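In: Provided below for reference: sequence and predicted model.
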Amino acid sequence: MGYLETLKNITKDKKKKNENLILLLVLLVILLISMNYIFKDEKKSKENLVSQKLEENKESTNNDIENKIANILNQISGVTDISVIINYSNAGKNEYAYDTKEIINDDGNTTSIEKTIAYNNENGNKVAITSIEYLPQVEGVIIVGNGLSSSENKQKIATAVGNLLGVASYKVQVFNK
């Protein structure tokens, strides 16, 4: 009952009532600002997690390309046990699709635009929608294998891999094991 009596006494005095309302408004503003920072940090951490997963996918994709090239080169007559390493100058880049939300005043003017990364649900996981994917730029390739002692085989492999990856054949080095 002590709390109720205190609240009744506060509401009786008009000066204290105004002071308490101002104090309440200040506390609400502080609460809203702190909530904004909390939710903004959560959005950033989600976006960082998405970009980290995408980087992991790029690395596995790069390893897949090396394995595919090695597998196809191992099928060449007289060539066996091929290993391929590709050096990239950058990791590539993705541009993501965004959901935009415009907040409009009563007078019809746009006050702000909120952009968030658009996601698809794949097997219960959120996956960012990529609008443009820039592939990493190949700087050089090293190929090592058995049966690559002849300069003719080296040149054929360097030309084939260079054409496949879109690099000059001098950037493809071929060595015999």
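Out: In hand now; what should we look at? Residues are numbered from 1 along each chain as shown.

In: And residue 78, how close does it get to residue 160?
Out: Using Cβ to Cβ, to the nearest Å, residue 78 is found at 15 Å from residue 160. In short, each C-beta sits where N, CA and C put it, glycine included.

In: Just the helices from this protein, written as ranges.
Out: Counting by DSSP state H, the chain has helices at residues 2-12, 14-73, 151-165.

In: Quick one: mean pLDDT over the longest one.
Out: Same thing as helix 14-73. For helix 14-73, the mean pLDDT works out to 72.

In: going forward, begin numbering at 195 instead of 1
Out: Happy to do that; since the first residue is 195 now, the last one works out to helix 208-267.

In: What is the burial count for residue 333?
Out: The local packing of residue 333 (other Cβ atoms under 10 Å) involves 12 other residues.

In: So residue 272 and residue 354 - more neighbours on which side?
Out: residue 354 (16 against 10).

In: surely residue 313 meets residue 321?
Out: Yes - taking contacts as Cβ atoms under 8 Å, residue 313 lies within contact range of residue 321: 6.4 Å.

In: Domain boundaries for the chain, per the record?
Out: Per the record, the chain has its domains at 196-286+329-370, 287-328, by automatic domain parsing.
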